[in-house]
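J.: Below are the sequence and a predicted model for it; my questions follow.
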Amino acid sequence: MALKIVTDANFEEEVLRSAKPVLVDFWAEWCGPCRQIAPSLEAIAAEHGDKLEIVKLNIDENPATATRYGVMSIPTLNVYQNGEVAQTIVGAKPKAMLLRELDAYISDEVSQG
């Protein structure tokens, strides 16, 4: 399952105005660790897409958004909720660790809002 791509142009509409939390994968084509975590993110999206949307933003093609949110190293995963950064995960991590870090957004006990 390919993840949705967001850009500087549609970031506000697709991410900041989303009704559910959105994880943005700030990545670049040349970034090895970014490619390494992509399958894990795709699997998490397939398993938990009803609660958490996962999208990708290429920082080389969309530098304005990366700059606005202070992305200094990649991969950086920002979770946006209600238009704000709710959590930041920096670096490639195994799927199990990503799931633990994202538990607040994907567990059934969480009430949105």
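T.: Nice, I can see it. Residues are numbered from 1 along each chain as shown.
J.: just for the chain, where's the confidence low?
T.: Residues of the chain that meet the criterion pLDDT under 70 lie in 1, 109-113.
J.: State which helix of it is the longest.
T.: Longest helix in the chain, counting residues (DSSP state H): helix 32-48.
J.: For that one, enumerate the helices and strands it packs against.
T.: strand 22-27, strand 53-58, helix 95-101, helix 103-106 (3 or more CB pairs under 8 Å, 6 or more residues apart in numbering; DSSP states H and E). Any C-beta I mention is one placed from the backbone N, CA and C, and that applies to glycine too.
J.: what's the closest of the ones you listed to Val79?
T.: Within the helices and strands packed on helix 32-48, the stretch nearest Val79 is strand 22-27; the backing value is 5.0 Å (CB to CB).
J.: Other residues contacting the closest one?
T.: For strand 22-27, contacts defined as CB atoms under 8 Å, 6 or more residues apart in numbering pick out 3, 6, 14-15, 34, 37-38, 41, 52-59, 66, 69, 71, 74-81, 102, 105.
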